[in-house]
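>>> Below are the sequence and a predicted model; questions follow.
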Amino acid sequence: MASRLFPLDALRATAAQLIVLHHLSVYGPIAEAMHRLFPLLTGWLYDYGRMAVQVFLVLGGYLSARALAAQEPQLRRSAPALLAQRYWRLAPPFMAAVGLTLLSSWLVAPLLPELVPEQVGLVQILAHALLLHDLVPVEALTVGAWYVAIDFQLFALLLLVMWGPRCLPLSRAMRQGLTLALVGTLCAASLLQFNRMEDLDAYAVYFFGAYGLGVLLCWCQGWTPRARRAGLLALVGLMALALALQFRERLVVAALTAAVIALWRRGTLPAWFQRHGQAPVQTLARHAYALFLVHFPVCLLVNAIYEHRAESPAQALDALAPLALLAAWLLSNMAAVPFHRWIEAPLLRWRPRAAALPQGVALR
């Protein structure tokens, strides 16, 4: 029978690949050549590939709500450990990737000075280590750095909203109702107002619409059939209202992601795919964060090798661009495997433990 988590794995794996292809269509001489050769394809990747981030946001909310639900009875005392656990899940692998990016930048600086940081200082590195690099005036040291910080902000905000009502002298049902109302209100406020304010894109409230959609969807799936239908209709109405107020393609991607999760049914995969196709998809999903972190150093190195051939005739050099892009994409996926095995996975084993976290439940 197909795993009920398979759609999440498939979405995560697909989104990670799109992010890599998006960055390969944005940065460096390979991207410039590809825009000359295939303007429609690379233009689509340039404009729409980045919207795969919305998939990560919805999945992030869904999986965080799922993990925190297992902590509900002791959430009041385990919240600090859960926050520390989430930070450890994100920051140390991120800083390892920053180190690889700086090494690659040093190697390629003579050929690609426009793709490397102008300067690197202790304050800048410390801001990245604390995931504050978008909140203080420092230059990002790698692409995608903003998302790591936003992921942590979103989790911290959700944890705060879930923790607050548990400090009040309320019954369990009243606490759950208050938490649902708070998350729903924050999600609606983000979709209807905060997400329309571009100057807030360094803060969690800007992205909480998609993230909260995942949270609410997860909670809906634990309700009675009648309540679940009512909850899903309310989410559909909220998304329709947000799009009517201001059409945003990124919200369409978030809504479609939520629809895939909501409509999935176990056992809907063909038997042959269940036997042979699930494992590769699950492997790609398991390496998605590693791929997200490590692909830019690979992109820099492949672009530098490509640029080193700049003395070749322009047409001949452009003809090599598709092969160079394919090489960068494949090498990025290959590099994600040892990064996950030797850096990300060991760090996960050393992360802080939340009290009474059930076996098999982890904060992504």
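Now that the structure is in, tell me what you want to look at. Numbering: from 1, shown residues only.

>>> Please, where are all the strands along the stretch 201-350 of the chain?
In order along the chain, the stretch 201-350 of the chain carries no strands (DSSP state E, counting those that start in this stretch).

>>> mind checking how far the closest residue to Val20 other than its chain neighbours is from Glu249?
In space, and not counting its chain neighbours, Val20 is closest to His295: 4.7 Å by C-beta to C-beta, 6 or more residues apart in numbering. Any C-beta I mention is one placed from the backbone N, CA and C, and that applies to glycine too. Noted for His295: a distance of 24 Å to Glu249, by C-beta to C-beta, to the nearest Å.

>>> the more surrounded of these two?
Per other C-beta atoms under 10 Å, whichever of His295 and Glu249 has more neighbours is His295, with 29 against 12.

>>> Tell me how far that one lies from His23.
7 Å.

>>> Over to Ala262?
Here Ala262 is placed at a distance of 30 Å from His23 (C-beta to C-beta).

>>> So between those two, which is more surrounded?
When neighbours are counted by other C-beta under 10 Å, Ala262 and His23 differ, and His23 comes out ahead with 23 against 16.

>>> right, and the more buried one touches Val143 too?
Yes: with contact defined as C-beta atoms under 8 Å, His23 reaches Val143; the gap is 5.6 Å.

>>> shared neighbours of the two, anything?
Common contact partners of His23 and Val143 (C-beta atoms under 8 Å, 6 or more residues apart in numbering): Phe296.

>>> Okay, buried residues for stretch 77-94 please.
For stretch 77-94, the neighbour count (16 or more other C-beta atoms under 10 Å) marks 78-79, 81-83, 85-94 as buried.

>>> again, but for stretch 61-78
61-68, 70-71, 75, 78.

>>> can you tell me which of the residues you listed are in helices?
Among the buried residues of stretch 61-78, the members found in helices (DSSP state H) are 61-68, 75, 78.

>>> Glu114: how many residues sit nearby?
Using other C-beta under 10 Å, Glu114 has 7 other residues around it.

>>> So which residue is dead centre in this protein?
Residue closest to the average C-alpha location in the chain (C-alpha atoms, centre = their mean): Phe56, at 3.8 Å.

>>> residues contacting that one?
By C-beta under 8 Å, 6+ apart, the neighbours of Phe56 are 12, 15, 147, 151.

>>> who touches the first one in this structure?
Spelled out, that is Arg12. So Arg12 contacts 55-56, 59, 285, 288 (C-beta under 8 Å, 6+ apart).

>>> Kindly format the C-alpha coordinates of stretch 27-41 as PDB.
Output in PDB follows, covering the C-alpha atoms of stretch 27-41 (Å, rounded to 0.1, in the frame of the first residue of the first chain):
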ATOM      1  CA  TYR A  27      23.300  32.800 -11.900                       C
ATOM      2  CA  GLY A  28      26.400  32.800 -14.100                       C
ATOM      3  CA  PRO A  29      27.500  32.500 -17.700                       C
ATOM      4  CA  ILE A  30      25.700  29.200 -18.100                       C
ATOM      5  CA  ALA A  31      22.400  30.900 -17.300                       C
ATOM      6  CA  GLU A  32      23.200  33.700 -19.800                       C
ATOM      7  CA  ALA A  33      23.900  31.200 -22.600                       C
ATOM      8  CA  MET A  34      20.800  29.200 -21.800                       C
ATOM      9  CA  HIS A  35      18.700  32.300 -22.000                       C
ATOM     10  CA  ARG A  36      20.100  32.900 -25.500                       C
ATOM     11  CA  LEU A  37      19.500  29.300 -26.600                       C
ATOM     12  CA  PHE A  38      16.200  28.500 -24.900                       C
ATOM     13  CA  PRO A  39      14.600  31.700 -23.800                       C
ATOM     14  CA  LEU A  40      11.100  30.300 -23.200                       C
ATOM     15  CA  LEU A  41      12.300  27.400 -21.000                       C
END
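
>>> Report the buried residues of it.
So for stretch 27-41, counting by 16+ other C-beta under 10 Å, buried means 27-31, 33-35, 38.

>>> now do stretch 215-234
Neighbour counts over stretch 215-234 (16+ other C-beta under 10 Å) mark 215-221, 228, 231-232 as buried.

>>> circling back: which one of the contacts of Arg12 sits closest to Leu131?
Lowest distance from Leu131 to these (C-beta to C-beta) belongs to Phe56, with 15.9 Å.

>>> Work out for me the element the closest one sits within.
Taking DSSP states H and E as the criterion, Phe56 maps to helix 53-69.

>>> Just the C-alphas of that helix, formatted as CSV.
Taking Å, rounded to 0.1, in the frame of the first residue of the first chain, the C-alpha atoms of helix 53-69 are listed here in CSV:
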residue,chain,number,x,y,z
VAL,A,53,9.4,27.6,-2.2
GLN,A,54,5.6,27.7,-1.7
VAL,A,55,5.6,23.9,-1.7
PHE,A,56,8.3,23.9,1.1
LEU,A,57,6.2,26.4,3.1
VAL,A,58,3.0,24.4,3.0
LEU,A,59,4.9,21.2,3.7
GLY,A,60,6.8,22.9,6.5
GLY,A,61,3.6,23.9,8.2
TYR,A,62,2.0,20.5,7.8
LEU,A,63,5.0,18.6,9.1
SER,A,64,5.6,20.9,12.0
ALA,A,65,2.0,20.7,13.1
ARG,A,66,2.1,16.9,12.8
ALA,A,67,5.3,16.8,15.0
LEU,A,68,4.1,19.3,17.6
ALA,A,69,0.8,17.4,17.9
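
>>> what distance separates that helix from the centre of its chain?
9 Å (C-alpha atoms, centre = their mean, to the nearest Å).

>>> Next: stretch 328-335.
Relative to the centre of its chain, stretch 328-335 is centred 18 Å away, using C-alpha atoms, centre = their mean.

>>> cool, and stretch 183-198?
19 Å.
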